[in-house]
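> Here is my input; please provide its structure:
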Amino acid sequence: MTTYGIEFVPGNINVKQVVNYTKLAESKDIDYAWITNHYNNRHCYPTLAMIAAATDSIKMGPGIMNAFTDTPAAMASYMATLNEISDGRAVLGIGPGDLSTLPKLAISPEKPVARLKEAVIQIRKLLSGEEVKKTGDMEFFDYDGAKLTGVNLPGKKGIPVYIGAQGPKVLELAGTIGDGALINASNPKDFEIAIPIIKAAMEKEGKKSFDVGAYTAMSIDDSEKKARNAAKIVAAFIAAGSPPAILERHNLDQSNVAKIKDALAKFDFKTVGGLVGDAEIDAFTIAGTPDMVKQKCEDLAAAGVTQIIFGSPLGPDMTKSIRLLGKYVV
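Sure, this is the predicted structure:
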């Protein structure tokens, strides 16, 4: 069974707007709300707390945290608190960290996969009520007597941990220690590569249950032209940040992508709009009319995706987009 999530970025919209959009998404039977975590935007923690207080059924979590800017102890305490005020609806998205952003914060992103693994291990121990003692086996978070004492713990069920994953090492880690994965991709071709890596890791652990999330770039509107135009800039940034292997996978013209990257560096969005074509939009987004979007979501489900997350930009009119997604896709 396919479930559905939605992503909001509390940067271009304020916290009250995020809450209102999430309430609308909940009314359209969307299952998860993922709130992005960027240091330069409004913080996801208080945003999620307000969502928890204003909703009844939708699950919610950061999409995603990392163990460079937040410690496992801080994340465990926060997630236990969010789970309490949401009556058990908290989920945690955590990844290796944005390797392009961290240096701006004077953080050296060394050994991101190993650091992520340790963080998840320690978060789970703390949320189980364990006093985490020093073992000598941890390189980054070898806690010495850490324990959550002033929060309500989630109990045996715990809080589901979703690993933000793209590269092979993190996909393997997700299959090994995660309850699910949040994969930044909108095209079945990418999941044909990613899912076998996850499944191989799951088999080694004897795991049978796993939620494969497609963290898509979504743009839906009654007008195909408006929907695809709204997706152009997002497609441009994804293309510009993709390695050659990804561009080859989607048969993209690498010289054109180089031009897109150059125009983005100059903030020349008019030129970017002229360079981004159907090839880039179809490779990196789901954009079009309700019928087109529904078919593309069905294609993702057929490829093995179990949670489809409607990510930015959603469309030219966010309210209309959420309503269309609820009526025609969910």
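> show me what contacts Arg228?
By Cβ atoms under 8 Å, 6 or more residues apart in numbering, the contact set of Arg228 is Ser219, Asp278, Ile281, Ala287, Gly288. No exception for glycine: its C-beta is placed from N, CA and C like everyone else's.
> which residues of the stretch 201-330 of the chain fall in strands?
Under the criterion DSSP state E, counting those that start in this stretch, the stretch 201-330 of the chain contains strands at 211-220, 286-288, 307-314.
> Looking at the ones you listed, which is nearest to Leu24?
strand 307-314 (11.3 Å; Cβ to Cβ).
> who's the closest residue to Gly5 other than its chain neighbours bridged to?
Once flanking residues are discounted, Gly5 sits nearest to Tyr32: 3.4 Å by Cβ to Cβ, 6 or more residues apart in numbering. Taking DSSP bridges as the rule, Tyr32 bridges to Gly5, Lys59.
> Same check on Gly95?
Residues in beta-bridge contact with Gly95 (DSSP bridges): Asn66.
> Quick check, it in contact with Gly63.
No. Gly95 is beyond contact range of Gly63, at 9.1 Å (criterion: Cβ atoms under 8 Å).
> Arg323 versus the residue nearest to Gly5, what's the distance?
Here the criterion is Cβ to Cβ, to the nearest Å. By it, Tyr32 lies 18 Å from Arg323.
> Looking at these two, which is more packed in?
Tyr32 (24 against 16; other Cβ atoms under 10 Å).
> quick one: the more buried one and Arg89 touch, right?
No. The criterion here is Cβ under 8 Å, and Tyr32 misses it with Arg89 at 9.3 Å.
> what sits in contact with each of those two?
Ile58, Lys59, Met60.
> Now the buried members of those residues.
Ile58, Lys59, Met60 (16 or more other Cβ atoms under 10 Å).
> wait, Val161 sits on Ile123?
Yes. In this structure, Val161 is within contact of Ile123 by Cβ under 8 Å, at 7.2 Å.
> quick one, which of these two is more surrounded?
Ile123 (28 against 21).
> and the more buried one, that's in a helix?
Yes. Counting by DSSP: H, G, I helix; E, B strand; the rest coil, Ile123 is part of a helix.
> Can you name the residues that contact it?
Pro72, Met75, Ala76, Met79, Leu92, Ile94, Val161 are the contacts of Ile123 under Cβ under 8 Å, 6+ apart.
> The residues you listed in helices, which ones?
Counted as lying in helices by DSSP state H, out of the contacts of Ile123, are Pro72, Met75, Ala76, Met79.
> PyMOL command to pick out the buried ones of these?
Selection command for PyMOL covering only the buried members of those, criterion 16+ other Cβ under 10 Å:
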select buried, resi 72+75+76+79
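> Closest one to Asp144 out of the ones in helices among the contacts of Ile123, please.
Nearest member of the ones in helices among the contacts of Ile123 to Asp144, counting by Cβ to Cβ, is Pro72, at 13.4 Å.
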